[in-house]
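> This is a predicted model, with the sequence first.
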Amino acid sequence: MITVRYFAGARAAAGTDHDAAPAGFSLDQLAVELTSRRGERLGTVLKAASFLVDGVACHDRSEALPDGVTVDVLPPFAGG
Amino acid sequence: MTQPIVAVTTSPLDLAAHEAAVAGPRAGAVVSFQGVVRDHDHGRSVTKLEYEGHPTAEAVLREVVAEIAADPEVYAVAVSHRVGPLEIGDVALVAAVSTAHRAAAFAACARLVDEVKARLPIWKHQIFADGTDEWVNCP
């Protein structure tokens, strides 16, 4: 199982702060699954978001995610 | 020189403490910056806002500070970002940099603020006067 945590605008778009998905999904596959589950508004955010896998930035969106990881969905930053 | 300051915090920010933290006998130039909550954005009236930070935000801030401090012209860096609900006029970001001469301090402080805005996993939720809201930069 993969745990997904949504932050800020991603949480607002998803309508929840977390989701679960089967292990073995890549980030690309995860985005497709979560978009079908939560709607196109989240899909738009996912296209602009960056992802942390167990706290580490993940740029390879086609690699299968191992069981037990936590994926953080980070919308574009707006600090300062 | 007092203890360096690098923080992501819900507490009010203290400009003077940041300036004091980078001051010292070598420091001929201390440049500081405050990012202040304003009452308008893209022509719309803002009544209040809230910053949300990812748990890694302070660690990212430390990375940015280490990069700016690696410049041999930079003597010291202090920076804090506030999170949580803020009112108009509250200070959201304080940065201070010291060098020997002013040009390097202006440049380093500008670079510091640019890097913080680009890299810190912090988000801004704005509430407008008409009751609508937006997550800034979020499509």
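Arrived safely, thanks for sending.
> Kindly provide the distance from the spatially most central residue of chain B to B:S80.
The centre of chain B sits closest to B:L93, judged by CA atoms, centre = their mean, with a distance of 2.9 Å. With distances taken as CB to CB, to the nearest Å, B:L93 is found 7 Å from B:S80. Yep, even glycine has a C-beta here, placed from its N, CA and C like the rest.
> Where does pLDDT dip in the chain?
All of this refers to chain A. Low-confidence segments of chain A (pLDDT under 70): none present.
> Wait, chain B was what I had in mind.
If you take pLDDT under 70 as the line, chain B has these spans: B:1-3.
> Quick one: name the residues of chain B near chain A.
Within chain B, the residues that sit near chain A (CB under 8 Å from any CB of the partner chain) are B:35, B:51-54, B:56-57, B:81, B:92-93, B:113, B:116-125, B:135-139.
> Quick check: PyMOL command selecting the buried ones in these.
Of these, the buried ones can be selected in PyMOL as follows, counting by 16 or more other CB atoms under 10 Å in any protein chain shown:
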select buried, chain B and resi 35+51+52+53+54+56+57+81+92+93+113+116+117+119+120+121+122+123+124+125+135+136+138
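> Among the residues of chain B next to chain A, which ones are in strands?
Judged by DSSP state E, strands contain the following of the residues of chain B next to chain A: B:G35, B:Y51, B:E52, B:G53, B:H81, B:A92, B:L93, B:I122, B:W123, B:K124, B:H125, B:W135.
> Which strands or helices does the lengthiest helix in chain A pack on?
In terms of residue count, the longest helix belonging to chain A (DSSP state H) is helix A:27-38. The criterion is 3 or more CB pairs under 8 Å, 6 or more residues apart in numbering or on different chains; DSSP states H and E, and the helices and strands that helix A:27-38 contacts are strand A:2-6, helix A:8-14, strand A:18-21, helix A:40-48.
> In the sheet, which residues pair with the closest residue in space to A:T16 that isn't next to it in sequence? Tell me.
Spatial nearest neighbour of A:T16, excluding adjacent residues (CB to CB, 6 or more residues apart in numbering or on different chains): A:Y6 at 6.9 Å. Note on A:Y6: beta-bridge partners by DSSP bridges are A:V73.
> can you count the residues close to A:Y6?
Look at A:Y6: counted by other CB atoms under 10 Å in any protein chain shown, it has 26 neighbours.
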